[in-house]
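J.: quick one, fold the following:
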Amino acid sequence: MLDVAEQNPGGSFQGFSLWQLFRRFKWRISFTFSLVFIESLLDILYPLFIGWAINDLLAGTKQGLYLLLGLGLGSVIIGSARRFYDTRIYSGIYQRIAPEMVRREQARKTDVSRVSARANLLTEFVEFLENSMPQVISAIVGLLGVLIIISALNIQVFLACVGLLLVIALIYAITGKFNYRLNAKYNEELERQVSVIEQGNGPALYQHFQRLMGWNIKLSDLETGNYFFIWLGVVALFVFTPLSAVDREVVNYGLVFSLLMYVFDYIEKVTTLPLFVQQLIRLQEISRRLA
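T.: Have a look, this model is predicted:
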């Protein structure tokens with residue numbers, strides 16, 4: 001999987017990153033990622049199966065309903081098994097890498113406050129793999145699958161969906177470097193926290209937390225600006241989709257319903273991507289700090 005800590009011939013650890021973690025524990029992480037992939041593929045099928053069930057019920061048959069039930073049961077079983085496995089795998093990974101990082105920092109004579117702060121930062125890598133990566137995989141698989149299905153149902157809506165994705169990519173291409181710098185300032189202040197607390201100086205404590213929250217507010221303001229422009233595009237897609245369906249004179253109610261559900265699903269996934277981009281930017285900065 002990711003080799004959290006690579007060892008050089010002298011035995012010292014060279015750094016921590018998502019890629020190193022994956023190389024080191026690749027088989028265990030790959031297995032859980034494969035379950036996420038299967039789970040995501042099943043999730044894509046829900047709107048289509050619901051549309052078939054509606055059409056079959058209108059035609060007086062329950063075949064589509066039975067297929068929907070089978071899909072639901074399969075999705076629940078795979079999802080539950082993956083979550084049961086995830087907790088144990090990533091807990092074991094953290095138990096391995098945290099002591100390694102602490103020993104490396106102790107060998108470097110790093111002060112205790114920074115070692116403590118970096119141990120806390122390290123948990124973000126494991127939490128990202130356990131909690132966020134399944135969502136990232138689900139979002140990517142879902143986006144590709146949903147776009148393929150939408151293109152088959154309505155090409156105009158498909159082009160509008162692709163346009164929204166490009167807008168989001170452009171926004172984060174413009175703001176990415178600024179986001180990285182703000183995360184660096186926030187982490188620098190966070191690493192000083194233990195030493196400031198140990199000093200017990202009232203004004204220094206106040207200034208520390210004031211600076212910490214100041215950088216946090218700047219990060220939040222940046223995300224708020226990104227959110228505003230992204231959701232302008234989302235609203236435009238919301239309005240365009242039913243107009244396009246009516247203009248195309250689609251009379252198959254099951255497929256119209258499926259199209260609307262797929263667009264809602266697409267919007268849900270595409271608007272979560274910025275959260276993962278933010279996390280990746282933060283982890284990139286932490287990787288530099290732990291190197």
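
J.: where in this structure is pLDDT low?
T.: 1-17, 113, 200-201, 246-254, 289-291 (pLDDT under 70).

J.: hey, where'd the helices end up in it?
T.: 18-24, 26-58, 63-107, 112-127, 133-153, 155-191, 193-199, 202-247, 253-290 (DSSP state H).

J.: neighbouring contacts of the fourth one?
T.: In other words, helix 112-127. 4, 16-18, 21, 90, 93-94, 97-98, 101-102, 105-106, 110, 187, 190-195, 198, 279, 282-283, 286, 289-290 (Cβ atoms under 8 Å, 6 or more residues apart in numbering). Bear in mind the C-beta positions are built from the backbone N, C-alpha and C, glycine included.

J.: list only buried entries from the residues you listed.
T.: Using 16 or more other Cβ atoms under 10 Å as the burial test, these include 4, 16-18, 21, 90, 93-94, 97-98, 101-102, 105, 187, 190-195, 279, 282-283, 286, 289-290 as buried.

J.: ok, how many other residues are close to the residue lying closest to residue 244 once chain neighbours are set aside?
T.: Among residues not flanking residue 244 along the chain, residue 156 sits closest, at 4.7 Å (Cβ to Cβ, 6 or more residues apart in numbering). When neighbours are counted by other Cβ atoms under 10 Å, residue 156 registers 16.

J.: residue 257 versus the residue located most distally from the centre of the chain, what's the distance?
T.: Distance from the centre of the chain peaks at residue 60, with 41.9 Å (Cα atoms, centre = their mean). From residue 60 across to residue 257, the span is 18 Å (Cβ to Cβ, to the nearest Å).

J.: before we move on, what about residue 175?
T.: 37 Å.

J.: residue 98 now?
T.: 49 Å.

J.: and stretch 218-234, what's buried?
T.: In stretch 218-234, counting by 16+ other Cβ under 10 Å, buried: 218, 219, 226, 230, 233, 234.

J.: show me what that stretch is in contact with.
T.: Contacts of stretch 218-234 (Cβ under 8 Å, 6+ apart): 163-164, 167-168, 171-172, 175, 178-179, 182-183, 186, 267, 271, 274, 278.

J.: between those, which sits nearest residue 74?
T.: residue 267 (25.4 Å; Cβ to Cβ).

J.: now do the contacts for the closest one.
T.: By Cβ under 8 Å, 6+ apart, the contact set of residue 267 is 164, 234, 237, 238.

J.: looking at those, spot the one nearest residue 53.
T.: residue 238 (24.8 Å).
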